[in-house]
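Undergrad: Fold the following and give me the result.
(chains A, B, C and D)
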There are 2 protein chains.
Amino acid sequence: MDIAAKQALELWRGVMVLALQKDLPDLTSRQFTLLLHVYLKDQAHTVRGLAEELNMSKPAVTRALDRLGGLDFVRRKTDDKDRRSILVQRTVKGSVFLREFGDMVEIYAAEVSG
Amino acid sequence: MDIAAKQALELWRGVMVLALQKDLPDLTSRQFTLLLHVYLKDQAHTVRGLAEELNMSKPAVTRALDRLGGLDFVRRKTDDKDRRSILVQRTVKGSVFLREFGDMVEIYAAEVSG
DNA sequence: TCCGAATGTTTCGCATTCGTAATGATTCTA
DNA sequence: TAGAATCATTACGAATGCGAAACATTCGGA
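TA: Now for the predicted structure:
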């Protein structure tokens, strides 16, 4: 994936337009970023950690988890080592959703650079 | 998960996280997509046209133009050939904003594939 | 000219989001 | 073990977005 800045924008545009046309559940940028973060970063994800890493307030993280949980894209699990914390877990539905999105990006990337 | 698709997601994640950390004006996906569309597609852009191409309702396009106009990222101009239509025009501020975003994507694309 | 069609905006009611501050639950510490 | 600290959530009020429907303006054809 080697693209110039202009191609990068075209890639972004193409994917976003396709996402709109597909009537995917429309997530806010915070929600979508959080989803990507949870699935791509192999760590234990807590509300506090996500809030710091993503520059979000903790209530915003809680709300994003409510929304993503409602879609069954993530799941909450209380940490048994410290029952104050919750651990954000991945789901099959979330994996499927992101894989499809990734394929979309990949396809457009090939199209843009080719 | 396919490696290339995974890299595509990692690219998306990196850019989105950076955008959050930079405290950029947070645009909805519709607003951002509309902005990209106007700047990358060389055509006359009207409300009706954008609504069809982006699968948005006309009021949503109007509101997005209000928001983007408030940021001085686009400007409205009534079409002299048909004064019912408005033409969406680009601005310097919008160009700068998108160029910076494009650079960000390009940098991450190199990082992800390298 | 006049009336229907087309274009963009506004209004309306509803849903969602935001950050700050308060609350509840759990753990740590002195 | 009592009180402080930590973690997540809820409450609150303000802001914003959405689509459907109504509205104002402009164009175009009979």
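
Undergrad: what does the helix or strand of chain A with the lowest mean pLDDT contact?
TA: Across the helices and strands of chain A, mean pLDDT, DSSP states H and E gives its lowest value to helix A:92-113, namely a mean of 90. Contacts with helix A:92-113, where a contact means C-beta atoms under 8 Å, 6 or more residues apart in numbering or on different chains, come from A:1-3, A:7, A:10-11, A:14-15, A:18-19, A:35-36, A:38-39, A:68, A:71-74, B:1-2, B:4-6, B:8-9, B:11-12. C-beta here means a position set from N, CA and C on the backbone, and glycine is covered the same way.

Undergrad: Can you flag the buried ones in those?
TA: Neighbour-count burial (16 or more other C-beta atoms under 10 Å in any protein chain shown) applied to the contacts of helix A:92-113 gives A:1, A:3, A:7, A:10-11, A:14-15, A:18-19, A:35-36, A:38-39, A:68, A:73-74, B:4-6, B:8-9, B:11-12.

Undergrad: Which residue ranges of chain A form helices?
TA: Under the criterion DSSP state H, chain A contains helices at A:5-21, A:29-40, A:47-53, A:58-70, A:92-113.

Undergrad: Can you give me the buried ones in the least confident helix or strand of chain A?
TA: Those would be A:94, A:97-99, A:101-109, A:112, for helix A:92-113 by 16+ other C-beta under 10 Å.

Undergrad: For that helix, C-alpha coordinates in CSV please.
TA: The C-alpha coordinates for helix A:92-113 follow below in CSV (Å, rounded to 0.1, in the frame of the first residue of the first chain):
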residue,chain,number,x,y,z
VAL,A,92,-17.8,-12.2,16.2
LYS,A,93,-20.2,-9.6,14.9
GLY,A,94,-17.6,-6.9,15.4
SER,A,95,-14.9,-8.9,13.7
VAL,A,96,-17.1,-9.5,10.7
PHE,A,97,-18.0,-5.8,10.5
LEU,A,98,-14.4,-4.7,10.6
ARG,A,99,-13.2,-7.4,8.2
GLU,A,100,-15.8,-6.2,5.6
PHE,A,101,-14.7,-2.6,6.2
GLY,A,102,-11.0,-3.6,5.8
ASP,A,103,-11.8,-5.4,2.6
MET,A,104,-13.4,-2.3,1.3
VAL,A,105,-10.4,-0.2,2.1
GLU,A,106,-8.1,-2.7,0.6
ILE,A,107,-10.1,-2.8,-2.6
TYR,A,108,-10.2,0.9,-2.9
ALA,A,109,-6.5,1.2,-2.2
ALA,A,110,-5.7,-1.2,-5.1
GLU,A,111,-8.0,0.8,-7.3
VAL,A,112,-6.5,4.1,-6.4
SER,A,113,-2.9,3.1,-6.8
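
Undergrad: picking up where we left off before, now the two most distant members of the buried residues of helix A:92-113.
TA: A:94 and A:112 (26.6 Å; C-beta to C-beta).

Undergrad: returning to what we had before: export the buried residues of helix A:92-113 as a markdown table, with columns for distance to DNA strand C.
TA: Shown next, in a markdown table, are these (distance: C-beta to the nearest atom of the strand, whole Å):
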| residue | distance to DNA strand C |
| --- | --- |
| A:94 | 16 |
| A:97 | 16 |
| A:98 | 18 |
| A:99 | 22 |
| A:101 | 18 |
| A:102 | 22 |
| A:103 | 25 |
| A:104 | 22 |
| A:105 | 23 |
| A:106 | 27 |
| A:107 | 28 |
| A:108 | 26 |
| A:109 | 28 |
| A:112 | 29 |
